[in-house]
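# fold the following.
(2 chains)
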Amino acid sequence: MSGKRAGLAERRRFNRLIGDLRQELYSYSLWLCRDPHLADDVLQEALLRAWRGFAGLDDDNRARQWMVTIVRREFLRAREKRRDEATDPLDLQQLADPGEDPMVTELRQAIFRLDDNYREPLMLQVLMGYSAEEIGQVMDMKPGAVLTRLHRAREKLKTMFVEGDEAAAEQD
Amino acid sequence: MGKPDPTDRAERARIAADAAAFEALLARAAQLPRQAPATRRPRGHRHWVQFGLAASLVLATALWFGLREPASLPEAVIAHVHHEPEALAPARNPVNGADLEQVLRQAGAEFVRPVGTVTYVKLCPFRGEMVAHFVVQGRRGPVTVLLLPEENISTPAPIREDGFVGTLVPLEIGGSIAVVGEPEESLETIRDALVAALRWRV
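As a prediction, this is how the structure comes out:
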């Protein structure tokens, strides 16, 4: 197989494995970043890094977790770079579909206001369907600690949803 | 959110107390709108993003846009025809046989018999793949052909878009071809010659 054909085959493999994940990865990036434009940038950079390192992915079944890890690393890198810069105000108007149940929209806004330590494992579980063990692998935590965070995340979310942000803050 | 409206506080409390109802609401809230942002930030706002090489940005953008939701296959074919109008110039000379063979090889294809006078050939990105795009001369003018090894369809599909007519043809060897020309062009002859000549390289 020539070099070009090998490259073509590799790109087809990349598209096949990663293409179906694109929306899921964008959602994950957006939950991390809380900024649609930053989420887009993070995902673009993650895709680029994934493509560059794609030859190292020897097990197709690991593609999803591999990409989640790369997106997360890119988010952390981006956050580090812009530590001294002002953060974009989250444009929640972009994140609500017309006609959507207002309670869904409000709960989504509440999730965005959760601390990163709670929001990320919660979204890995709810959005990506990860187990506590898998979340622990992504976030470098023990499964027991993950379960505690997940429990607290839900409790805070419920309080914010029913009582408002101030009541949730009193839980801290 | 601030403080929720007291009138629906009871409903919120009911949902929060019902684990199944809360999880269902949580799952819906986790699903964000399907589209990535439609608008870009004002210029000069992306101070933190430094991709380094311009080529990196091009590749990242290509990967991202290449992975977005595609148009329908007929729409994508016609959009591609519009994208390269120079291919349909009437006074083109036949392309060099070696050039045609090279593009076919890069696209993972070969012809085992002649397909007519080819006046344009190029390896093109199409729905995330690099495909062979060429033009053969029909009775009424240029006819565009795309070889699509990754586009599997079950039955032939007509193309009627923007004044062009054509057909998408499934191949027994897998994949398909798109043949597009002017109205009243006899596309069947060209289609049959292509189907008989085309082989995918393994």
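
# which residues in chain B form strands?
Using DSSP state E, the strands of chain B run over residues B:109-111, B:118-126, B:129-137, B:142-148, B:157-161, B:164-170, B:176-181, B:198-200.

# likewise for chain A?
Under DSSP E, chain A gives no strands.

# and stretch A:101-117, anywhere near chain B?
Yes - counting by Cβ under 8 Å from any Cβ of the partner chain, chain B is contacted by stretch A:101-117 at A:Asp101, A:Met103, A:Val104, A:Thr105, A:Glu106, A:Leu107, A:Arg108, A:Gln109, A:Ala110, A:Ile111, A:Arg113. For the C-beta atoms, the positions are set from N, CA and C on the backbone; glycine is no exception.

# mind listing what B:Leu148 touches?
Contacts for B:Leu148 (Cβ atoms under 8 Å, 6 or more residues apart in numbering or on different chains) come out as B:Phe126, B:Glu129, B:Val131, B:Gly175, B:Ser176, B:Ile177, B:Ala178.

# so where do the helices sit in chain B?
Here chain B has its helices, by DSSP state H, at B:9-17, B:19-30, B:54-66, B:73-83, B:97-106, B:187-197.

# and the pLDDT for residue 26?
This is for chain A. We have a pLDDT of 88 for A:Tyr26.

# wrong one, I was asking about chain B
94.

# touching, it and A:Arg108? I think so.
No - counting by Cβ atoms under 8 Å, A:Arg108 is not a contact partner of B:Leu26; they are 9.4 Å apart.

# so which of these two has more stuff around it?
Using other Cβ atoms under 10 Å in any protein chain shown, the more surrounded residue of B:Leu26 and A:Arg108 is B:Leu26, with 24 against 21.

# so the residue positioned nearest the centre of chain B versus chain A, what's the distance?
Nearest residue to the geometric centre of chain B (Cα atoms, centre = their mean): B:Arg127, 2.8 Å. Going from B:Arg127 to chain A by Cβ to the nearest Cβ, to the nearest Å gives 9 Å.

# touching, that residue and B:Ala76? I think so.
Yes - if you go by Cβ under 8 Å, B:Arg127 and B:Ala76 touch, sitting 5.7 Å apart.

# would you map the helices across chain A?
A:3-19, A:22-33, A:36-52, A:63-81, A:102-113, A:116-126, A:132-139, A:143-163, A:165-170.

# for B:Glu151, find the nearest of those.
helix A:3-19 (12.3 Å; Cβ to Cβ).

# contacting residues for residue 141?
In the absence of a named chain, chain A is used. Applying Cβ under 8 Å, 6+ apart, we find A:Met141 in contact with A:Pro121, A:Ile135, A:Arg149.

# that's the wrong chain, I meant chain B
B:Gly141 makes contact with B:Leu88, B:Pro90, B:Gly181, B:Glu182, B:Glu185, according to Cβ under 8 Å, 6+ apart.

# thinking again about what came up before, can I get the buried part of the contacts of A:Met141 as one ChimeraX selection?
Buried residues within the contacts of A:Met141, by 16 or more other Cβ atoms under 10 Å in any protein chain shown, are selected in ChimeraX with:
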select /A:121,135,149
